[in-house]
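Colleague: how would this look folded up:
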Amino acid sequence: MSSLLGCKNLSVQFYRQMKPVLNHVSLDFQPGENVLILGPSGSGKSTLLSVLAGIIPDHIEAKVKGEVIRTQNMGILFQDPDTQFCMEHVDEEIAFSLENRNVPAEEMVLKIKSLLEVVGLKVELNTRIAALSGGMKQRLALASVLALEPDVLFLDEPTAQLDPVSRKEFFKLLNQLASQGQTMIIVEHVLDGCIEWMDRVILLNKHGEVIGDGHPQYILEQCKGQMEEAGIWRPEIYPFEWHKVIGDKNHPLSKQLNEKYLQSKTKKDTFQHNTDSLMSAEAVSISYERMPVLCDVNFQFGKGEWISIIGKNGSGKSSLLKVLAKLKKVSKGSVAFKDIHLKSWKESQLYEKIGFVFQNPEWQFINKTVYEEILYSGEQQNVKKESAEAKAKELLEEFGLLNYSNRNPFNLSFGQKRRLSVATMLLLNQEVLLLDEPTFGQDKHSAESLLSLLKKRQEHGTTIVMVTHDMNIVDQYSNRVLLIDENSLCFDGHPFSLFSDEKLLEKTRIIPPLHYAYKRAVKEECFLGKQSIVLVPN
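Modeller: Coordinates of the predicted model:
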């Protein structure tokens, strides 16, 4: 069978970089194949997709050596959907793709509605794209790509901005496309829900070299050591079968999950709540374009707490975080820091004490080098030059960015950009750190390193407030969780209490960590089918 797509002896090096991102990569892809590309942050996964899709070197300059075989009709879905939108409204964005295929105008409305239904995006056709949540934007981006009817669909971290339920549904959608013969090449960190239907896994190391290529189970078994060394996330269940796990208390995964559950319970039993108020919200309501986002929210944070804010896409988590950072106004109510209304704080004084990390790391970058980016906050607050430079170098080393100190921040990998965006907020040792999805797009080592650094700061009194879709982080690190659903704060308490509340989980469509699902399944003697991820209660 002839190859649909491929490369031979491919090497890619970006200008002003000392080493190539990809090294002597030779691959071929057959029609109808579904291929998952794994590798640590900075291993060249996204670069490989961009070369195969023709974006490099046609639109992004780089030195490319070797041979590339491409099909004419391809579509790509990026990590950040905002980077590929060119219109203002939902219907216009999809229509733009249809126009490229010369679809008659009179057929467009029906096709647009059909595509929105396929991707599960339930909005009015004339909805402004800027009003969509990150997850909604990703669905729209997929609809726009599918409108091109591509022979090959490239997906670069397609679920990075989706909540767990939406991620599961998105993978189900992709699986349906795969069953219809769609060729897909995917870069993804979250493996549960997609690795089960992959035909093939390609493994890259940190040097951009292929070190594994084969069936998913073969790669997981034969390349286990390389994956652990590289910090590549592993699936939580696959290749085990869930009904066997919950039916055998001596199964290795059963023992592991039971131990995790006991650890979570112990954390709850030994937790002591901090009653001192560092930051508070009173009767806060938030709106966007006159539409309510949150209504009548009340809470207070104490010094040294780790608070996770969770909820489905579009629930208002990021909006609430921006309100706490004085980056967004409330429509009603008030927010106070140290018993002083945020309105009364000067920005320069407030940001000495509160740091904010955006969901999109590029929104924070304003300097030409990584080193200058970290130094910037110290310069703005008149920190002594010698002290700021020493701290900047320390942060570069802590975050694995020392070798990239002279690189332009926009030329980093997505995972490296995320680490830099967090590091820039740590130079001043602020009392409160507000972080919007700080770990998404990170390999295992990078995520755990970042969380460890944040944990150290929390133990020294820093209050961590984090928006996240990762329930394992919520369970392992948070002493408190705020759950937003249907425009209101419907839970404020310890993670163990939330994940043990089956009725609330069902109502709000929250998927608990696997050890809670295991405990529930064992209790109910709920034997589910082969390869069921079992995380959405029925």
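Colleague: and stretch 289-301, average pLDDT?
Modeller: Per-residue pLDDT values over stretch 289-301 give a mean of 90.
Colleague: Give me the buried stretch members for it, please.
Modeller: Across stretch 289-301, burial judged by 16 or more other C-beta atoms under 10 Å covers 293, 294, 295, 297, 299, 300, 301. Every residue, glycine included, has its C-beta placed from N, CA and C.
Colleague: Also stretch 241-249?
Modeller: Across stretch 241-249, burial judged by 16+ other C-beta under 10 Å covers 241, 242, 243, 245, 246.
Colleague: I'd like the residues you listed laid out as TSV, including pLDDT, secondary structure and distance to residue 142.
Modeller: Below are the buried residues of stretch 241-249 laid out as TSV (pLDDT from 0 to 100; DSSP: H, G, I helix; E, B strand; the rest coil; distance: C-beta to C-beta, whole Å):
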residue	pLDDT	secondary structure	distance to residue 142
241	88	coil	30
242	89	helix	28
243	86	helix	32
245	91	helix	32
246	89	helix	34
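Colleague: in the stretch 351-500 of the chain, which spans are helices?
Modeller: Counting by DSSP state H, counting those that start in this stretch, the stretch 351-500 of the chain has helices at residues 370-380, 385-398, 414-423, 444-459, 471-477, 495-499.
Colleague: Touching the first one from outside, list them.
Modeller: Among residues not part of helix 370-380, those counted as contacts by C-beta atoms under 8 Å, 6 or more residues apart in numbering are 348, 364-367, 387-389, 391-392, 395-396, 401, 404-409, 412, 420, 423-425, 427-428.
Colleague: give me the element the residue of the chain most remote from its centre is part of.
Modeller: Largest separation from the mean C-alpha position in the chain: residue 106, at 38.0 Å (C-alpha atoms, centre = their mean). If you go by DSSP states H and E, residue 106 is part of helix 105-119.
Colleague: from the middle of its chain, how far away would the very next helix or strand once past that helix be?
Modeller: Going down the chain from helix 105-119, the next helix or strand is helix 134-146, by DSSP H and E. With C-alpha atoms, centre = their mean, to the nearest Å as the basis, helix 134-146 stands 15 Å off its chain's centre.
Colleague: Look up how far residue 483 lies from residue 271.
Modeller: Distance, residue 271 to residue 483, using C-beta to C-beta, to the nearest Å: 17 Å.
Colleague: between the two, who's got more neighbours?
Modeller: The residue with more neighbours, out of residue 271 and residue 483, is residue 483; 24 against 12, by other C-beta atoms under 10 Å.
Colleague: Contacts only, for that one.
Modeller: Taking C-beta under 8 Å, 6+ apart, we find residue 483 in contact with 310, 311, 489, 490, 491, 492, 498, 504, 508, 510.
Colleague: re earlier: closest one to residue 259 out of the buried residues of stretch 241-249, please.
Modeller: residue 245 (13.7 Å; C-beta to C-beta).
Colleague: ok, now how distant is that closest one from residue 126?
Modeller: According to C-beta to C-beta, residue 245 and residue 126 sit 48 Å apart.
Colleague: swap in residue 353?
Modeller: Note on residue 353: its distance to residue 126, by C-beta to C-beta, is 42 Å.
Colleague: same check, this time on residue 414
Modeller: Distance of residue 414 to residue 126, computed by C-beta to C-beta: 31 Å.
Colleague: In PyMOL, how would I select the buried members of the contacts of residue 483?
Modeller: To isolate the buried subset of the contacts of residue 483 in PyMOL, counting by 16+ other C-beta under 10 Å, use the following:
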select buried, resi 310+311+489+491+498+504+508+510
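Colleague: Low-confidence regions, the stretch 251-400 of the chain specifically.
Modeller: Residues of the stretch 251-400 of the chain meeting the criterion pLDDT under 70: 275.
Colleague: all strands for it, in order.
Modeller: Listed in chain order, the strands of the stretch 251-400 of the chain (DSSP state E, counting those that start in this stretch) span residues 279-288, 291-301, 306-310, 332-337, 340-341, 354-357.
Colleague: May I see the ones you listed organised as a markdown table, with distance to residue 63 added?
Modeller: Output for those, formatted as a markdown table (distance: least, C-beta to C-beta, whole Å):
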| stretch | distance to residue 63 |
| --- | --- |
| strand 279-288 | 44 |
| strand 291-301 | 47 |
| strand 306-310 | 43 |
| strand 332-337 | 50 |
| strand 340-341 | 55 |
| strand 354-357 | 33 |
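Colleague: Tell me which of these approaches residue 181 most closely.
Modeller: Minimum separation from residue 181 across the strands of the stretch 251-400 of the chain (C-beta to C-beta) falls at strand 306-310, 36.9 Å.
Colleague: and the closest one with helix 444-459, angle?
Modeller: Interaxial angle, strand 306-310 versus helix 444-459 (axes from the mean of the first three to the mean of the last three C-alpha atoms, to 10 degrees): 130 degrees.
Colleague: Alpha carbons of strand 306-310, as PDB, please.
Modeller: Taking C-alpha atoms only, strand 306-310 is exported to PDB below (Å, rounded to 0.1, in the frame of the first residue of the first chain):
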ATOM      1  CA  TRP A 306      -4.500  25.900  48.200                       C
ATOM      2  CA  ILE A 307      -7.900  26.500  46.500                       C
ATOM      3  CA  SER A 308      -8.800  24.900  43.300                       C
ATOM      4  CA  ILE A 309     -11.700  26.400  41.200                       C
ATOM      5  CA  ILE A 310     -13.400  23.800  39.000                       C
END
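Colleague: what angle separates it from strand 291-301?
Modeller: Taking the same axes, to 10 degrees, one finds that strand 306-310 is oriented at 160 degrees with respect to strand 291-301.
Colleague: elements contacting strand 306-310?
Modeller: Under the contact definition 3 or more C-beta pairs under 8 Å, 6 or more residues apart in numbering; DSSP states H and E, strand 306-310 sits against helix 317-324, helix 444-459, strand 463-467, helix 471-477, strand 480-485.
Colleague: Which one of the ones you listed lies nearest to residue 96?
Modeller: Proximity to residue 96 (C-beta to C-beta) singles out helix 317-324 among those, at 26.6 Å.
Colleague: Show me the contact partners of the closest one.
Modeller: By C-beta under 8 Å, 6+ apart, the residues outside helix 317-324 that reach it are 133-134, 279, 281, 284, 286, 288, 293-294, 297, 309-311, 328-330, 335, 354, 356, 359, 432, 434, 436, 465, 467, 484.
Colleague: What is the distance between it and the centre of its chain?
Modeller: How far helix 317-324 lies from its chain's middle: 17 Å, per C-alpha atoms, centre = their mean.
Colleague: quick check: angle from that helix to strand 480-485?
Modeller: Helix 317-324 and strand 480-485 meet at an angle of 120 degrees, taking the same axes, to 10 degrees as the criterion.
Colleague: quick revisit: can you turn the buried part of the contacts of helix 317-324 into a ChimeraX selection?
Modeller: This is how ChimeraX selects the buried members of the contacts of helix 317-324, with burial counted by 16+ other C-beta under 10 Å:
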select :133,134,279,281,284,286,293,294,297,309,310,311,330,335,354,356,359,432,434,436,465,467,484
